[in-house]
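Peer 1: quick check, what structure comes out for this input:
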Amino acid sequence: MFSFFRSKPKNPPADQAHATPEGAKPPTESDAPSESNRQTWFGKLKAGLKKTGGSLAAVFTGTQIDEALYEELETALLMADTGVKATEHLLNDLKARVKASKATEPMAVKALLTDAVTDLLMPLQKQLQIGDQKPMVIMVAGVNGAGKTTSIGKLTHHMAEQGASVMLAAADTFRAAAREQLAVWAQRNTVEIISQEGGDPAAVSFDAVSAGKARGRDVVLVDTAGRLPTQLHLMEELKKIKRVVQKADAHSPHEVLLVIDGNTGQNALTQVKAFDEALGLTGLIVTKLDGTAKGGVLCAIAREKPIPVYFIGVGEQLDDLQTFDAREFAQALLN
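Peer 2: Prediction:
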């Protein structure tokens with residue numbers, strides 16, 4: 001279970017230093033993810049990246065550090081959808097580390113590659129901060145099938161568990177199943193949902209943000225319609241939602257998140273670039289990193305479009321969506 005990150009006020013008055021937001025439960029030790037829970041999660045992440053990790057690990061089963069090893073590694077990285085630019089960067093970085101450390105064993109080179117991948121991914125490691133604005137308006141986009149609505153449901157669950165008051169906006173009005181799915185999450189987590197059958201997505205979003213402000217909610221999560229970046233008319237609809245939300249709150253949306261399917265490899269990078277150009281993304285949620293052989297795509301994103309990865313998912317359970325940790329991911333990738 002990941003923590004719901006709430007920003008702390010700067011230098012709070014002494015009588016408010018330990019205040020708990022109205023309606024929120026006081027924090028307890030159980031609110032933080034335990035070491036055992038994180039280890040369980042790490043095991044799932046390693047299993048999810050097993051195909052990628054197995055291909056990369058096979059490179060280091062030889063006995064020599066030579067050009068053939070680097071050529072095999074280059075092939076394995078490209079097959080893992082690390083991308084040409086990130087692969088070139090990692091190989092150059094690795095060679096420099098090997099020279100500096102005077103490593104002579106392939107397994108030592110593997111450890112150095114883990115360090116190189118960690119450093120490459122570190123700019124993506126950032127926590128989603130909630131609490132500086134009220135409500136915090138989070139707009140969520142993604143293509144159909146990426147797990148967007150399910151990810152919103154999981155985020156809602158964890159935020160509600162931590163005591164945040166959440167309101168959902170069912171702005172995916174093109175697909176009835178999306179509204180129904182979001183309504184189930186709203187009912188399960190006992191949170192409010194703003195929905196209109198066949199309504200205008202921008203109007204639904206405006207109503208939700210306005211209602212969130214009027215009712216003092218902590219978070220408004222806006223679920224937008226899934227679409228491909230090549231569907232220009234639908235991308236324009238996304239831009240319209242963002243403009244209309246700003247009419248309800250001039251500073252919103254405070255976060256614009258894109259949910260991407262980790263199985264899609266380089267196509268995920270294409271989506272990140274297209275949606276960022278249209279909306280100005282502030283963060284990513286990477287789902288379905290379970291069984292994929294394309295786990296290296298995060299390296300490609302880090303090299304070409306380093307937008308923070310707030311959460312990654314490896315399964316369908318609530319606790320299968322966790323905060324992204326660069327070192328942890330690199331270790332799982334090269335398990």
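Peer 1: how far away is residue 204 from residue 275?
Peer 2: Counting by CB to CB, to the nearest Å, the separation of residue 204 from residue 275 is 20 Å. Quick note: C-beta positions are derived from backbone N, CA and C, even for glycine.
Peer 1: burial of residue 47, as a residue count?
Peer 2: 17 (other CB atoms under 10 Å).
Peer 1: which helix or strand contains it?
Peer 2: Secondary structure assigned from DSSP states H and E places residue 47 in helix 35-48.
Peer 1: quick one: list the elements packing against that helix.
Peer 2: Secondary-structure packing of helix 35-48 (3 or more CB pairs under 8 Å, 6 or more residues apart in numbering; DSSP states H and E): helix 326-333.
Peer 1: centre of the chain versus the helix it packs on, how much separation?
Peer 2: 15 Å (CA atoms, centre = their mean, to the nearest Å).
Peer 1: which elements pack onto it?
Peer 2: helix 35-48, helix 50-57, helix 106-121.
Peer 1: nearest to residue 161, of these?
Peer 2: helix 35-48 (13.6 Å; CB to CB).
Peer 1: TSV please, covering the helices and strands packed on helix 326-333 and showing mean pLDDT and distance to residue 223.
Peer 2: Shown next, in TSV, are those (pLDDT from 0 to 100; distance: least, CB to CB, whole Å):
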stretch	mean pLDDT	distance to residue 223
helix 35-48	81	25
helix 50-57	83	30
helix 106-121	95	28
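Peer 1: pipe those into TSV and attach distance to residue 160 per row.
Peer 2: Putting the helices and strands packed on helix 326-333 into TSV (distance: least, CB to CB, whole Å) gives the following:
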stretch	distance to residue 160
helix 35-48	19
helix 50-57	33
helix 106-121	30
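Peer 1: of all these, which lies closest to residue 311?
Peer 2: Per CB to CB, nearest to residue 311 of the helices and strands packed on helix 326-333: helix 35-48, 11.6 Å.
Peer 1: what angle separates the closest one from helix 326-333?
Peer 2: For helix 35-48 against helix 326-333, the angle by axes from the mean of the first three to the mean of the last three CA atoms, to 10 degrees is 50 degrees.
Peer 1: got the CA coordinates for helix 35-48 in PDB?
Peer 2: Once non-C-alpha atoms are left out, helix 35-48 reads as follows in PDB (Å, rounded to 0.1, in the frame of the first residue of the first chain):
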ATOM      1  CA  GLU A  35       9.100  -2.900   4.900                       C
ATOM      2  CA  SER A  36       7.600  -6.400   4.500                       C
ATOM      3  CA  ASN A  37       4.800  -5.000   2.300                       C
ATOM      4  CA  ARG A  38       7.400  -3.200   0.100                       C
ATOM      5  CA  GLN A  39       9.400  -6.400  -0.100                       C
ATOM      6  CA  THR A  40       6.300  -8.300  -1.300                       C
ATOM      7  CA  TRP A  41       5.700  -5.500  -3.800                       C
ATOM      8  CA  PHE A  42       9.400  -5.800  -5.000                       C
ATOM      9  CA  GLY A  43       8.900  -9.500  -5.500                       C
ATOM     10  CA  LYS A  44       5.900  -8.800  -7.700                       C
ATOM     11  CA  LEU A  45       7.800  -6.200  -9.700                       C
ATOM     12  CA  LYS A  46      10.700  -8.600 -10.300                       C
ATOM     13  CA  ALA A  47       8.200 -11.300 -11.500                       C
ATOM     14  CA  GLY A  48       6.600  -8.700 -13.700                       C
END
